[in-house]
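okay, predicted coordinates and the sequence, questions at the end:
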Amino acid sequence: MRELMNWLSGGSNPDSFPYSEVLAEFHRTGKHFVANELLALLDQARTASAAPPAGGAAATTAGEHSSVRFLRNFLDVALDKWDGRYDYQTYLALKLLRMPRAKFTDDRRVADPAGMRRQQDRLYLQLIADALAFELAAEARTTDLLPQQRPEPALVVKRYRLGIRAASPVLTRLGLSAPVDNPEPAAAAAALHAVVVADQTAAEQRELRLSMLPVYLVHDEYLFIRVLQAYECTFALLAAELQSTISALAGGLPRPAANRLAYARDLLNLSSPLFSLMASMQPESFRTFRVHTEGASAVQSRSYKLVESLCRTPEEPRLASIAYRSVPEVRDRVLAGQPSVEQACRAAVRAGLLTEPDRRLLDKRMGEFAAALIQWRQTHYRIATRMLGARSGTGYTEGTPYLAAVRSIPVFTTDTTTPLPLHRAEPTGGDPE
Ligand code: HEM
C-alpha cells in the first residue's frame, strides 16, 4: 500500500494519514479479509502515532492532539481482528462516534442535559440518513460498496419509509425542516439526507465515513451496523437520563427526575421503527456475514447494561453471568456501589423528600419506562428468533433461549402499581451518591 508506506516514511503526520485509501482497502475485501501486509503497515502506523511528537509535548497544539487521538482510535478499530480483540465496541467503531455521555458538575448534577440530548439527536439522525443514502446509491448503481445480495426494490422502498419514520421526530426536535412528507419514498429519503449533510460538520462527516467497517461484502451489513450504532447512541443517552434522574432524586427534585424518566420513555418508544428497519434485513444476508462477526455481540453493549443497572442493581446471579462478565467496566461500577433509580427513589421516600403526588408521579414514570424497556426486549427477541432460528449467538450464549430467559427480568422491583409505604425499609443497602 503505497500511500501508507509514503506516510510512514514521510514523517507520519496524523493530519495527512491516508484514511480514504485505507478505508477503500477495507471495503474492497471486508474487514475479515484485509491483507496481512496492510495490517502490518497499520500496526507500524500505530507505533508511529504512539511516539511523542517531535519537539516534546509543549509543541503539540490542541488540534494536533485531537488528530493523534482520532488516528489512534481509528487504528484501534481497524486492528481489532489482527490483535485478536475484535468485539462489539470495535465492530461498531464506537470510539469514532460522538456518543452522548453525562458530565457531572461539582455538586454531582448532570451538566448541560440539553446539549447531551442534542448530541444524541444529531448522531442518531446522521446514522439513519446515511443508511438511507447507501440504499439510494446502491439503487442508482453509483456505489460498488458491499455489492453482494442487493435487496429487491420493494424492500428498499420499505427501508426508506421506516428510516423516515424513525428520523421524523428527531428532525422536529432539532428544528430541521426537510420535505420528508414527499409521497415518493426515494425522494423523501434523498431530501432527508440532503438536509442532514448540510447541517453536518466536516469532523462529523469523517467520523461517520470511518465508522463503517463491515466484515464482509453483503449489502445488508451496512444497515445492520447503522441500526446497531443508532441504538447504541440511544442507550447511551438513556443511561445519561437515568443518571440525571438519580442526581435529581438525591437533590430532592422529584419533578425534574420524573421528567427525565418521561424523556427516556419517549426516546425508547420513538426508536421502535429502528427495529422494523432491522427486521427488513434479509435473513440469508445476515447469516452470510455473521459467520465473520463471531465474538462481537450486543451482549457486550456497555450502554445497554448501564441502563439496566442504573434502573436497579442486578441480582448476584445475573451479575456473575455472561451478561455482566461481557461488560467488566459496568460490572465493576455496580460492584463499587453504583447508585440506581430504584435506590434513589427509596432513599428519597425514607428521607421524606417526596410528597404523595410526587411519589405517585415517579411511580407512574418508572412503570412507563419499565414497560418501554420490556417492549424493546420482546421485539428484540422476536427479531432475533426470526433471523437466527435455533443458531447460537455471536456472544457465546446459546442464542434465543438466553434472550427468552432475560426478557422478563424486572426493570424495577419496586411495585409501581401500588403506593410504597412511606416507612419502607431500604432492602438493598447503600444510599445513592
Ligand atoms: C438480526 C438482529 C439481531 C439478532 C439476531 C440478535 C441476536 C442476539 C442474541 C442471540 C443475543 C444473545 C447474546 C449473544 O450470544 O450474542 C443478543 C443480545 C443482545 N442484543 Fe441482539 N440481536 C439482533 C439485533 C439487535 C439490535 C438491533 C440491538 C440493539 C442494540 C440488539 C441488542 C442486544 C442487546 C443489548 C443484547 C444483550 C441482552 C442481554 O444481555 O440481556 N440486538 N442479541
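Good, I have the coordinates.

how about stretch 310-321, does it reach the ligand?
No - applying Cβ under 6 Å from any ligand atom, one finds stretch 310-321 separated from the ligand by no less than 8.6 Å. (C-beta placed from N, C-alpha, C; glycine too.)

which elements pack onto the helix or strand hosting K305?
Secondary structure assigned from DSSP states H and E places K305 in helix 302-311. Packing contacts for helix 302-311, counted by 3 or more Cβ pairs under 8 Å, 6 or more residues apart in numbering; DSSP states H and E, involve helix 220-250, helix 328-335, helix 341-350, helix 356-388.

show residues contacting stretch 17-37.
Here stretch 17-37 makes contact (Cβ atoms under 8 Å, 6 or more residues apart in numbering) with 1, 3-4, 7, 38, 42, 45, 71, 74, 78, 81-82, 145-146, 206, 209-210, 213-217, 289, 292.

what's the spacing between stretch 194-208 and its chain's center?
Here stretch 194-208 is found 18 Å from its chain centre; the criterion is Cα atoms, centre = their mean, to the nearest Å.

same question, stretch 244-258
The answer for stretch 244-258 is 25 Å, by Cα atoms, centre = their mean.

okay, now it: how far is its last residue from its first?
Criterion Cα to Cα, to the nearest Å; first-to-last residue distance in stretch 244-258 is 10 Å.

of all the residues in it, which ones are buried?
Buried residues in stretch 244-258, counted by 16 or more other Cβ atoms under 10 Å: 244-251, 253-254, 256-258.

domain map for the protein?
The chain breaks down into these domains under automatic domain parsing: 2-85, 103-282+292-406.

out of the helices and strands packed on helix 302-311, which one sits most buried?
Among the helices and strands packed on helix 302-311, judged by mean count of other Cβ atoms under 10 Å, the one packed with the most neighbours on average is helix 220-250 (a mean of 25).

tell me if it is near the ligand.
Yes - Helix 220-250 reaches the ligand (Cβ under 6 Å from any ligand atom) through V227, L228, Y231.

the second one contacts L92, correct?
Spelled out, that is L228. Yes - the criterion here is Cβ atoms under 8 Å, and L228 meets it with L92 at 5.6 Å.

and the helices in the stretch 1-150 of the chain, which stretches?
Using DSSP state H, counting those that start in this stretch, the helices of the stretch 1-150 of the chain run over 2-9, 19-29, 36-50, 62-78, 80-83, 88-91, 113-139.

report the angle between the third one and helix 19-29.
Yep, that's helix 36-50 we're talking about. Orientation check (axes from the mean of the first three to the mean of the last three Cα atoms, to 10 degrees): helix 36-50 against helix 19-29 gives 150 degrees.

how far off helix 62-78 does helix 36-50 point, in degrees?
Here helix 36-50 runs at an angle of 150 degrees relative to helix 62-78 (the same axes, to 10 degrees).

returning to that earlier point: can I get the helix holding K305 in CSV? Just the C-alpha atoms.
Output of helix 302-311 as CSV, limited to C-alpha atoms (Å, rounded to 0.1, in the frame of the first residue of the first chain):
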residue,chain,number,x,y,z
ARG,A,302,-21.9,-1.2,27.8
SER,A,303,-24.6,1.3,27.4
TYR,A,304,-27.4,-1.3,27.5
LYS,A,305,-26.0,-2.9,30.7
LEU,A,306,-25.5,0.6,32.1
VAL,A,307,-29.2,1.3,31.5
GLU,A,308,-30.2,-1.9,33.1
SER,A,309,-28.0,-1.5,36.2
LEU,A,310,-29.0,2.2,36.6
CYS,A,311,-32.6,1.2,36.9
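
please save the CA atoms from the following helix or strand past that helix in PDB.
Reading on from helix 302-311 to the C-terminus, the next helix or strand found by DSSP H and E is helix 316-320. Output of helix 316-320 as PDB, limited to C-alpha atoms (Å, rounded to 0.1, in the frame of the first residue of the first chain):
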ATOM      1  CA  GLU A 316     -25.900 -11.600  42.100                       C
ATOM      2  CA  PRO A 317     -26.600 -14.500  39.600                       C
ATOM      3  CA  ARG A 318     -27.100 -12.000  36.700                       C
ATOM      4  CA  LEU A 319     -24.000 -10.100  37.800                       C
ATOM      5  CA  ALA A 320     -22.000 -13.300  37.800                       C
END
